[in-house]
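> heads up, no residue letters with this:
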């Protein structure tokens, strides 16, 4: 099994910055892409950013130029640096990855519990 634990969510004023972290732990054999999703009240969960094990990144249109995703493969950790935050960035942010556990022959999809980001005066 693989566990994902997010941290870094907070209340921040518009224009401010936050850095989210997500650490994977457990009986990990290999971690593939690591992604950040978010879900605002009454809205569907949407992809914010993703990064492959080789470092290739992709972003949702609404965060391009403001958010940066990175990862530390040695620590099995993915980060999301969020700058120029807007009220519409308010949501629960979830970490997601596909990972192969020790003893399994195929990878599974895992989710973290989420961390709240609120952008408000």
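Cool, the structure landed. The structure displayed is predicted, hence computed values, not measured ones. Numbering: from 1, shown residues only.
> which residue is nearest the middle of this structure?
The chain has residue 36 as the residue nearest its centroid, 2.8 Å off, counting by CA atoms, centre = their mean.
> that one pairs with what?
Going by DSSP bridges, residue 36 is paired in beta bridges with residue 49, residue 95.
> can you check the pLDDT for it?
Per-residue pLDDT puts residue 36 at 98.
> which parts of stretch 46-61 are buried?
Residues of stretch 46-61 classed as buried by neighbour count (16 or more other CB atoms under 10 Å): 48-51, 59. Using the backbone N, CA and C atoms, a C-beta is placed for each residue, glycine as well.
> quick check: which element contains the residue in the chain sticking out farthest from the centre?
No residue in the chain sits farther from the centre than residue 103, which is 26.0 Å out by CA atoms, centre = their mean. Residue 103 belongs to no helix or strand when assigned by DSSP states H and E.
> how close does it sit to residue 29?
8 Å (CB to CB, to the nearest Å).
> try residue 110
Distance from residue 110 to residue 29, by CB to CB: 13 Å.
> overlap in contacts of these two?
Residues touching both residue 110 and residue 29 (CB atoms under 8 Å, 6 or more residues apart in numbering) are residue 99.
> more crowded one of these two?
residue 110 (19 against 12; other CB atoms under 10 Å).
> which parts of this protein are strands?
2-7, 11-12, 18-26, 28-39, 46-51, 57-59, 67-72, 77-82, 91-101, 108-111, 115-119 (DSSP state E).
> which of the ones you listed is buried the deepest?
strand 77-82 (a mean of 22; mean count of other CB atoms under 10 Å).
> outside of that one itself, which residues are in contact with it?
17-24, 34-36, 48-49, 51, 63, 66-72, 89, 93, 95, 97, 117.
> switch to 6 Å and redo it
Residues from elsewhere that reach strand 77-82 (CB atoms under 6 Å, 6 or more residues apart in numbering): 18-23, 34, 36, 67-71.
> now for those: which two are most distant?
23 and 67 (18.9 Å; CB to CB).
> ok, the residue lying closest to residue 109 once chain neighbours are set aside to residue 81 distance?
Using CB to CB, 6 or more residues apart in numbering and skipping residues adjacent in sequence, the residue nearest residue 109 is residue 98, 5.4 Å away. Distance, residue 98 to residue 81, by CB to CB: 23 Å.
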